[in-house]
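Undergrad: Structure, please.
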Amino acid sequence: MRKQQTNPTAKPFPWKTAVGSYIIECEAVTGPFFNSEAFGRLTLDIEVAECEDETIPGLSAGFGFSILECVMLLARSESALASIQKIFEDEMAYNTDNDDYDEEEEEEEEEEEEEEEEEEEEEEEEEEEEEEEEEEEEEEEEEEEEEEEEEEEEEEEEEEEEEEEEEEEEEEEEAEEDVNALGGESKIKMEEKGQDSSAHPDEHAGMETKMPEEHLRRVYLQ
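TA: Residues are numbered from 1 along each chain as shown. Modelled structure (predicted):
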C-alpha cells in the first residue's frame with residue numbers, strides 16, 4: 001500500500017460539498033509522484049464540476065480526484081496546471097496498477113477461501129465417515145455381544161441337559177441297585193427253604209405217597 005504524508009495544517013478537500021469553486025492551500029505536498037522541494041507551497045483554485053460518490057482520496061494533503069475524472073482542477077499558472085495534470089495522470093496510472101494488484105489479491109483471497117471451504121468440507125466428510133465407521137463398529141460389537149449371549153444360553157442349555165441325563169443315569173443306577181438287592185434277598189430265602197426241605201426228606205416223600213393213596217380211596221369209595 002502507498003503511504004501518504006499530509007500536512008496537518010492543510011484543509012481537507014470538501015468532497016461532500018456542492019458544485020462550486022474552492023481554494024485550498026497545499027503545503028509540503030508528498031506522495032509517490034510529488035516532490036515537496038519542487039512544489040513547495042501551492043495555492044490552487046479547485047473547481048468542482050461534478051462530484052460522484054465513487055471517489056479516491058486526495059493525492060496528498062487537501063485534495064483528491066474522482067475516478068471518473070469529473071473534478072476539474074484550475075491553477076493560477078499554466079505550469080502548475082500542467083504539473084498537476086501530469087501528476088494526476090501518473091497517479092491515476094499508479095492507482096490503476098494498484099487496483100489490478102488489489103484485484104489479484106482479492107482473487108488470491110477468494111481462492112484461499114475456496115480452498116479453506118473445500119478443506120472444511122473434506123474434514124466434515126472425513127468426520128462423517130469416521131462417525132459411520134464408529135457406528136458400524138458399535139453395531140458389530142452389539143452383534144458379537146448378542147452372539148456371545150446366544151452361545152452362553154446354548155451352553156447353559158447343554159449343561160442343564162447334561163445334568164438331567166446324569167440325574168436319569170443316577171436314578172437308573174439306583175433302580176438297578178434296588179433290583180439287585182431284592183434279587184439277592186429272594187435268593188437267600190430260596191436257599192434257606194431248600195435247606196429246610198433237605199433236612200426232612202422222609203416227610204416230604206411220605207406226603208407225596210400218601211396224598212395219591214388217599215385221593216384214590218376217596219375216588220373209589222365214591
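Undergrad: in this protein, which helix or strand is least confident?
TA: strand 72-74 (a mean of 37; mean pLDDT, DSSP states H and E).
Undergrad: Output the below-cut-off pLDDT ranges for the protein.
TA: Counting by pLDDT under 70, the chain shows low-confidence ranges at 1-103, 183-222.
Undergrad: One more pass at 80, please.
TA: 1-105, 175, 177-222 (pLDDT under 80).
Undergrad: Which of the helices or strands spans residue 122?
TA: According to DSSP states H and E, residue 122 maps onto helix 78-199.
Undergrad: got the CA positions of stretch 124-137 in PDB?
TA: Below are the C-alpha coordinates for stretch 124-137, written out as PDB (Å, rounded to 0.1, in the frame of the first residue of the first chain):
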ATOM      1  CA  GLU A 124     -16.600 -32.800   7.600                       C
ATOM      2  CA  GLU A 125     -16.800 -35.700   5.100                       C
ATOM      3  CA  GLU A 126     -13.900 -37.400   7.000                       C
ATOM      4  CA  GLU A 127     -15.700 -36.800  10.300                       C
ATOM      5  CA  GLU A 128     -18.900 -38.200   8.900                       C
ATOM      6  CA  GLU A 129     -17.000 -41.300   7.600                       C
ATOM      7  CA  GLU A 130     -15.400 -41.700  11.000                       C
ATOM      8  CA  GLU A 131     -18.800 -41.500  12.600                       C
ATOM      9  CA  GLU A 132     -20.200 -44.000  10.200                       C
ATOM     10  CA  GLU A 133     -17.300 -46.300  10.900                       C
ATOM     11  CA  GLU A 134     -17.800 -45.900  14.600                       C
ATOM     12  CA  GLU A 135     -21.400 -46.700  14.200                       C
ATOM     13  CA  GLU A 136     -20.600 -49.800  12.200                       C
ATOM     14  CA  GLU A 137     -18.100 -50.900  14.800                       C
END
